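A.B. asks: predicted coordinates and the sequence they were generated for:
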Amino acid sequence: MLQQQQQQQQQSPPPLPTTTRQISILKERSVTVLAAANNKIGEEATVVDVSTTTEYNSDEIPKVAISNNNTKTNTNTNTSPQKTTVVSKNQRWERMFALLKQFHEREGHYDMPVLYIEDGKKLGYWIRNQRSWRKAGKLQSVRVERLSELDGFVWEVHSNKWEVNYKLLVQYKKRVGHCKVPQMHQEDGKDLGKWVLAQRAMKKKGGPFDIMRENRLNELDFVWGSTILDEWDNTYKLLTQFKEEEGHCNVPRTHIVDEKNLGKWVNTQRTSKNRGTLDIMRQTRLEEIDFNWAVARANLWEDYLSLLEIFKQKEGHCNVPIIHKVDGLHLGHWLNKQKQNWRKGKLNDTREKKLYDLGVVMNSYSIQWESMLNLLVQYKEREGNWNVSLKHKEDEKNLGTWVYTQRTAKKKGKLPKDRKNKLDEIGFVW
């Protein structure tokens, strides 16, 4: 056993130097060793010390490369270090900061998606990280100060949204006189009613509600309790006033009083009654003022007409897409049905006049045909003939194709008599 241990010790390589002194001695020596390379004994091998430091710790032992003189080694004798550009963390931060300013100069704000990329850099991630690190107290005070100095920059995105809605609430109170905002109310395109409801909910849960925000809301006489009952009662009073003035409760769907859509509210009561979800006390109060639970067809037609008026005010025309819906009513289908009734002679004169006064074109194809006829007359006055080439365009309209279509339809006996007469009246040559 002892002999076997001695053989193992002879075969194992000598231990590497582990102390600073041993390493220093190694550096001071000029070392040569004999190596058996390619089974050749006696060839000299040179120990090349590649360490460059003067002192090492025990865990930083210099590496020694042994090369055989008769073996081809790297022929590149250029030992100068390669030139590489090293960008520090501070330089990278400055670059992203410059991109942020560039974004603000172009867009006028700092609101960007997390995945937003500016000039190939993930600016959205970067700005999110700055906010997160600042919140965790890990962002350098100098960087916090520089970002804070940017015009319009906010650290808390949710805080900025809160301020926007608060200003809208102030605006609402100045106009209406209170902060009891209906749940579905929108102010300048923002869901102010839902925001007000959220403030009440957060306060009611007893969670971390900012005392400063609470005080600012209290300054507006903000109502923290639920206002759903008050809202129903207030709208009910508006309905009773309408009944006193009009003599009935058939409120047009688009009728608005004191910024409340009374018509929509009335329709909601009918729907709740039909579904069996209307409170019995409310049902009784409505019946006390002779509330009509069934919707009269005449009133429904007027509701659609009112919606069409609103559509025209917004869009500037009455060309309602057939799938267009407003407040659950299929306005597009309704208008298409009126046109069908007109063509069949089933639309009474009163309704036809109301639609005509609003600018509804019952037969858009007829309007287009009359327009092309006028272009044909214009062509004749300028050219002195009816020989319109097939590809000719008049005022960017395919007049040549239209003329060809009229001649073909007459030849096949498919041209309506009234249109043939109009073409004959202007002296058209068939």
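C.D. replies: Structure's in. What do you need? Numbering: from 1, shown residues only.
A.B. asks: show me what contacts the residue most central in space within the chain?
C.D. replies: With distances taken as C-alpha atoms, centre = their mean, the residue of the chain nearest its centroid is Pro113 (9.6 Å). Counting by C-beta atoms under 8 Å, 6 or more residues apart in numbering, Pro113 touches Gly124. All C-beta spots, glycine's among them, are computed from the backbone N, C-alpha and C.
A.B. asks: what about it, which SS state?
C.D. replies: For Pro113, the assignment made with DSSP: H, G, I helix; E, B strand; the rest coil gives coil.
A.B. asks: for it, give its distance to Tyr125.
C.D. replies: 10 Å (C-beta to C-beta, to the nearest Å).
A.B. asks: what is the mean pLDDT for stretch 335-342?
C.D. replies: Taken as a whole, stretch 335-342 carries a mean pLDDT of 85.
A.B. asks: quick one: distance of that stretch to the chain centre.
C.D. replies: Taking C-alpha atoms, centre = their mean, to the nearest Å, one finds stretch 335-342 lying 37 Å from the centre of the chain it belongs to.
A.B. asks: same thing with stretch 353-372?
C.D. replies: Worked out by C-alpha atoms, centre = their mean, stretch 353-372 lies 38 Å from the chain centre.
A.B. asks: ends of it, how far apart?
C.D. replies: Start-to-end span of stretch 353-372 (C-alpha to C-alpha, to the nearest Å) is 26 Å.
A.B. asks: would you mark the buried spots in it?
C.D. replies: Across stretch 353-372, burial judged by 16 or more other C-beta atoms under 10 Å covers Lys354, Leu355, Val360, Met362, Met372.
A.B. asks: tell me the one among these nearest to His178.
C.D. replies: Lys354 (38.0 Å; C-beta to C-beta).
A.B. asks: give me phi/psi at Lys397?
C.D. replies: In terms of degrees, to the nearest 10, the main-chain angles of Lys397 are phi -110, psi 140.
A.B. asks: next up, the contacts around the closest residue in space to it that isn't next to it in sequence.
C.D. replies: With sequence-adjacent residues excluded and distances taken as C-beta to C-beta, 6 or more residues apart in numbering, Lys397 is closest to Leu375, at 5.9 Å. By C-beta under 8 Å, 6+ apart, the residues touching Leu375 are Glu394, Asp395, Lys397, Leu399.
A.B. asks: show me the contacts for the second one.
C.D. replies: Listed by C-beta under 8 Å, 6+ apart, the contact partners of Asp395 are Leu375, Gln378.
A.B. asks: ramachandran angles for it?
C.D. replies: phi 50, psi 40.
A.B. asks: quick check: the gap between it and Gly427.
C.D. replies: In this view, Asp395 and Gly427 are 21 Å apart by C-beta to C-beta.
A.B. asks: how is the protein carved up into domains?
C.D. replies: Residue ranges for the domains of the chain, per automatic domain parsing: 2-68, 89-148, 157-218, 228-288, 297-358, 372-425.
A.B. asks: how far does the second one sit from the chain's center?
C.D. replies: Taking the mean C-alpha point of domain 89-148 and that of its whole chain, the gap between them comes to 21 Å (C-alpha atoms, centre = their mean).
A.B. asks: what's the answer for the fifth one, then?
C.D. replies: The chain centroid and the centroid of domain 297-358 are separated by 32 Å, computed with C-alpha atoms, centre = their mean.
A.B. asks: same question, the fourth one
C.D. replies: Taking the mean of its C-alpha atoms, domain 228-288 sits 36 Å from the chain's own mean (C-alpha atoms, centre = their mean).
A.B. asks: got the contact list for Val388?
C.D. replies: Leu376, Tyr379, Leu399, Gly400, Val403.
A.B. asks: wait, a helix at it?
C.D. replies: No: using three-state DSSP, the assignment for Val388 is coil, not a helix.
A.B. asks: so how far is Glu396 from it?
C.D. replies: Distance, Val388 to Glu396, by C-beta to C-beta: 15 Å.
A.B. asks: with Val403 instead?
C.D. replies: 16 Å.
A.B. asks: these two: which is more packed in?
C.D. replies: Taking other C-beta atoms under 10 Å, Val403 and Glu396 do not tie; Val403 has more neighbours (23 against 6).
A.B. asks: is Lys180 in a helix, a strand, or coil?
C.D. replies: Classification of Lys180 using three-state DSSP returns coil.
A.B. asks: doesn't Glu231 make contact with it?
C.D. replies: Yes: the pair Lys180 / Glu231 is scored as a contact, 6.8 Å apart, by C-beta atoms under 8 Å.
A.B. asks: need the residues that contact stretch 323-335.
C.D. replies: Contacts to stretch 323-335, defined as C-beta under 8 Å, 6+ apart, come from residues 253, 264, 267, 303-304, 307-308, 310-311, 318, 320-322, 360.
A.B. asks: can you tell me the distance between the two ends of that stretch?
C.D. replies: With C-alpha to C-alpha, one end of stretch 323-335 sits 11 Å from the other.
A.B. asks: which positions in stretch 290-305 come out as buried?
C.D. replies: By neighbour count on 16+ other C-beta under 10 Å, the buried set for stretch 290-305 is Phe291, Asn299, Glu302, Asp303, Tyr304, Leu305.
A.B. asks: just the strands in the stretch 251-400 of the chain please.
C.D. replies: Counting by DSSP state E, counting those that start in this stretch, the stretch 251-400 of the chain has strands at residues 256-257, 260-261.
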